[in-house]
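*Asks:* generate coordinates for the sequence data below:
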Amino acid sequence: MTGKIKNIGAEAVVIGTSIGDVTVESAKISRVDRETGVSSPAPGNAVRAEDAPRKSYSDWHIQQKHGLGFGPGLGSMPGIILFYDHNLSGTSQLHTQLDVNAMTRVNVWDEKIIKTQRTMLLATYRHFFSEHAGFYIGAGGGLADSKFEYNGSSLSGSPNYRYSSTLSGTFLLAEAGWQGKEGYYFHVGLQPAAYVSSSDDYDVSKVPDVSNHRAVANEEHDNLKQLGQISLGFGWFF
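*Replies:* Okay, here's the model as predicted:
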């Protein structure tokens, strides 16, 4: 009785056994990987990458729990936002955000007459409607601190002096928007907000009644009180 092994390719071999004049060939046997000891599947049975199931928003939220980003805030005052997102589950998220806004008004001689600036720190809880979509709603609140400055100009006929006031308080905020799901991502959302408690020492009578200075001062002070905005953000999940 003799035995022979025939090579029929990179994937399999045939073992032949001879007893006298009779030769019996055994079935094909897959080769065993020399390094791992695991038999390699035939090419036709390999799972293609494109056939693998795609990860949902929920899967990515669980896998990548943290997000950092920045972007513009579009509202009564131009500004920038910095934010941090923490995924609590596949459909819930804690969002914290810092807003910095500023505005300047000039006269016909290009002198800076009125300057306003505002800083807001807020946090919201977001809920995503579906594990397979990026739409969310949220609610939360925060703190705001604002400053109004008037700089008189002798060129415009107003007394050359300065006046300033402050506005600060707490506010409530709602959210509705859409957010991307993996790696570098984008979000857009509407953030209506309003003060629930505030302290404001603005007095328009202390602004000189020259030209339209008081009207402009009132307009800019109203902008300080309007906290709602459209938030655009570019971030990175990790």
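*Asks:* what lies in contact with the helix or strand harbouring residue 69?
*Replies:* Residue 69 belongs to strand 66-75 when assigned by DSSP states H and E. For strand 66-75, the surrounding residues in contact (C-beta atoms under 8 Å, 6 or more residues apart in numbering) are 78-87, 99, 101, 185, 187, 226-238. Backbone N, C-alpha and C define where each C-beta goes, glycine included.
*Asks:* what sits against residue 171?
*Replies:* The contact partners of residue 171, by C-beta under 8 Å, 6+ apart, come to 120, 122, 141-144, 193-196, 227.
*Asks:* checking it next. Helix, strand or coil?
*Replies:* Look at residue 171: counting by DSSP: H, G, I helix; E, B strand; the rest coil, its state is strand.
*Asks:* test my guess that residue 106 contacts residue 213.
*Replies:* No. Taking C-beta atoms under 8 Å as the definition, residue 106 is not a contact partner of residue 213, at 11.9 Å.
*Asks:* hey, what's in contact with both of these two?
*Replies:* Common neighbours of residue 106 and residue 213 (criterion: C-beta under 8 Å, 6+ apart): residue 113.
*Asks:* those two: which is more packed in?
*Replies:* In this view residue 106 and residue 213 are compared by other C-beta atoms under 10 Å, and residue 213 has more residues nearby, 22 against 12.
*Asks:* any idea how far the helix ranked longest in the chain is from the chain center?
*Replies:* Identified as the longest helix of the chain according to DSSP state H is helix 213-225. In terms of C-alpha atoms, centre = their mean, to the nearest Å, the centre of helix 213-225 is set 32 Å apart from its chain centre.
*Asks:* likewise for stretch 120-139?
*Replies:* 11 Å.
*Asks:* distance between the ends of that stretch?
*Replies:* End-to-end distance for stretch 120-139, by C-alpha to C-alpha, to the nearest Å: 15 Å.
*Asks:* and that stretch, what's its mean pLDDT?
*Replies:* Confidence for stretch 120-139, expressed as mean pLDDT, is 93.
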